[in-house]
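Novice: Need coordinates for the following:
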Amino acid sequence: MSEENGNILDLGSFDFTPAWAKTDAKVNVGKIRPEGDRGTERGDRPRKPFGDRKPFGDGRRPQGDRKPFGPRKPFGDRPRFEERPRPLACEVKVLPETKALGTIIRKLQGDAHAYKLKDLAYFFLDNPQSVLLKITPKAPESSNAQAAATFFQCKACGFASTREEDVLAHALAAHLGDYYDAKEIECEPPKGNFNCVAKCGLSGVLLGPPNIHEFNATVREMVRTRYPEMSEEQYRAHIEMVRDADAIEEWRKGATKKTVFFAKGQAEVEGAAQLTREQAEGEFRRTILPSLLERPKSLMITADVAQKSPVKPLVWAVNDAIQAERRAPAAMCFALRGAFHHRKLHFFRANDARGPEFVTGVEYKPFDAAHAIPELARAATFVAENPCCDKSEFPADDPEFEQHLNWLVTTGHVVAFTNGVFSAVEKFPKYGPQWKKRGMKGKKVEVEGGGGERKEETPCSTSTSKLEPGEKGLEAGEKVVKEEEVKDETAPVVAE
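Specialist: Numbers count the residues shown, from 1 in each chain. Model prediction:
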């Protein structure tokens, strides 16, 4: 070992800390305190013993005992949201019902008032019995599409469905009484020994022993009269068997009456054939039911009957058509317009060529005020100067004014609307609140030659005939043209 290597022990420790850092700065930053000194800063508080802690692994289910998840279902077999069935593929036309339409036409022919055509359309739409629907199935668009629906309808009441059995069941339940009379007669109580008696679990009615001949007929009668929303199988699930002598005796005492059927009008005839309900239904199916069933290509049915159909897609299609017609009753107005024209009723539009359409049973004619009595001329002039006036605006100094005005209305010289206002006969009679005369009349003061002469200003004219041809974008009655002199119009314009 060389001399240089022999002096390595003289180096001391391997502490290479500089001299200025070896001094005690009296700051304990970053130094780990001894374990015994930790309690001194907490006030020498005794440490709380943990007690007997359970090992972490105790109480846990071993991994091998886990419940298996089982085989996963393939993606294609997972349940998905069911789509709402679509309405029936058919075309629905909304029309007025014939009887209701005849009633409205007779009302219009005997009334001198002018009715708004759209209000009459909503009158029909608000009453499902007054709405007639023409339902035509649509042809399939492609060969893979579903075939067009076939309708079955009852001729007696118009009940319709796409299933023949629905119409047959309806005719049997609703129209059996139209061809047969039911009569309740006395009979002897049933004889024999019975071990049990059937009891309805829903109503508590005793139905009788299940081994008698009339039991099935009694069950069907209960389903038909009390629980029509249930099938026979569902109702039989609620039947209980009672093995009680008192219950059997109670049923025996109540079975002293039975219902028999006779042909219509033969119930009081001596010697008429008595039929049970099963016999009456069988005869009804053979002789009468085929004449009540039809298969129309286009279904003609009222809205109230169509909404009671057991076929939900048909009901949805009907409701969609009626709601669309309520938003814009174009089809109903078109049908009413044609029917009213056929009955020689008269139409006109108010305010302008695109104003609301009205129908009335009176033919409007011009009024010759020059050759009329003063009372009638005064009434006609008042209405011409005060369009859309009502009874509250009539002159108070003339008690017979309303009587003269009613004569002008019935003869077609004044237009009377159903809201109680009157207007003069014009090409487009005035209608609406915009034609109401404003409150106070303005006044104009003119000074001539130093003398203050006060003259009353004439009322402003609101007639659309005073507008210049070049002015656009102005609705009828929105602009007031002021003139110093307004000439009175002596005769109204003839309505087209």
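
Novice: mind listing the strands for the stretch 101-250 of the chain?
Specialist: 115-116, 131-137, 152-154, 160-161, 180-186, 197-200, 206-208, 239-242 (DSSP state E, counting those that start in this stretch).

Novice: Looking at the ones you listed, which one is packed in the most?
Specialist: Each of those was scored by mean neighbour count; the highest is strand 160-161, a mean of 22, by mean count of other CB atoms under 10 Å. (C-beta placed from N, C-alpha, C; glycine too.)

Novice: Run through the neighbouring helices and strands of that one.
Specialist: If you count contacts as 3 or more CB pairs under 8 Å, 6 or more residues apart in numbering; DSSP states H and E, strand 160-161 packs onto strand 152-154, helix 164-175.

Novice: quick one: average confidence on it?
Specialist: Averaged over strand 160-161, pLDDT sits at 92.

Novice: thinking again about what came up before, and among the helices and strands packed on strand 160-161, the most buried is which?
Specialist: By mean count of other CB under 10 Å, these have strand 152-154 as the most buried, with a mean of 20.

Novice: returning to what we had before: got the strands of the stretch 101-250 of the chain as JSON lines, with distance to K264 columns?
Specialist: Below are these laid out as JSON lines (distance: least, CB to CB, whole Å):
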{"stretch": "strand 115-116", "distance to K264": "44"}
{"stretch": "strand 131-137", "distance to K264": "30"}
{"stretch": "strand 152-154", "distance to K264": "18"}
{"stretch": "strand 160-161", "distance to K264": "26"}
{"stretch": "strand 180-186", "distance to K264": "6"}
{"stretch": "strand 197-200", "distance to K264": "31"}
{"stretch": "strand 206-208", "distance to K264": "29"}
{"stretch": "strand 239-242", "distance to K264": "34"}
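
Novice: Tell me which stretches of the stretch 251-400 of the chain form strands.
Specialist: 257-263, 293-294, 299-302, 346-349, 357-360.

Novice: List the buried residues in the first one.
Specialist: Buried residues in strand 257-263, defined by neighbour count with 16 or more other CB atoms under 10 Å: V260, F261, F262.

Novice: picking up where we left off before, of all the strands of the stretch 101-250 of the chain, which one is nearest H346?
Specialist: strand 115-116 (11.1 Å; CB to CB).

Novice: Can you give the strand pairings for that closest one, parallel or anti for each?
Specialist: strand 357-360 (antiparallel) (DSSP bridges).

Novice: who's in contact with the strand it pairs with?
Specialist: 108, 111-118, 120, 333, 336, 340, 345-350, 417, 431 (CB atoms under 8 Å, 6 or more residues apart in numbering).

Novice: now it: mean pLDDT?
Specialist: Per-residue scores along strand 357-360 average to 95.

Novice: for that strand, which positions count as buried?
Specialist: F358, V359, T360.

Novice: Now do the phi/psi pair for A112.
Specialist: phi -90, psi 0 (degrees, to the nearest 10).

Novice: Assess the claim that it and H413 are in contact.
Specialist: No: counting by CB atoms under 8 Å, A112 sits too far from H413 to count as a contact (10.7 Å).

Novice: Of these two, give the one with the bigger neighbour count.
Specialist: For A112 versus H413, neighbours defined as other CB atoms under 10 Å are more numerous around H413 (24 against 17).

Novice: Nearest spatial neighbour of I212, chain-adjacent residues omitted?
Specialist: Leaving aside its chain neighbours, I212 sits nearest to P190 (6.7 Å; criterion: CB to CB, 6 or more residues apart in numbering).

Novice: Report the separation between the residue lying closest to T218 once chain neighbours are set aside and V242.
Specialist: Leaving aside its sequence neighbours, T218 sits nearest to L207 (CB to CB, 6+ apart; 5.2 Å). To V242, L207 is 10 Å away according to CB to CB, to the nearest Å.

Novice: can you list residues touching both of those two?
Specialist: V197, A198, K199.

Novice: got the contact list for the last one?
Specialist: Yep, that's K199 we're talking about. V205, L206, L207, I239, E240, M241, V242, A247.

Novice: got the contact list for the nearest residue to I288 once chain neighbours are set aside?
Specialist: Distances taken as CB to CB, 6+ apart place Y179 nearest to I288, at 5.7 Å, with adjacent residues excluded. Residues in contact with Y179, defined by CB under 8 Å, 6+ apart, are A263, K264, F284, I288.

Novice: Was I right to think the third one contacts G177?
Specialist: Think F284. No: using CB under 8 Å, F284 is not in contact with G177; the gap is 10.4 Å.
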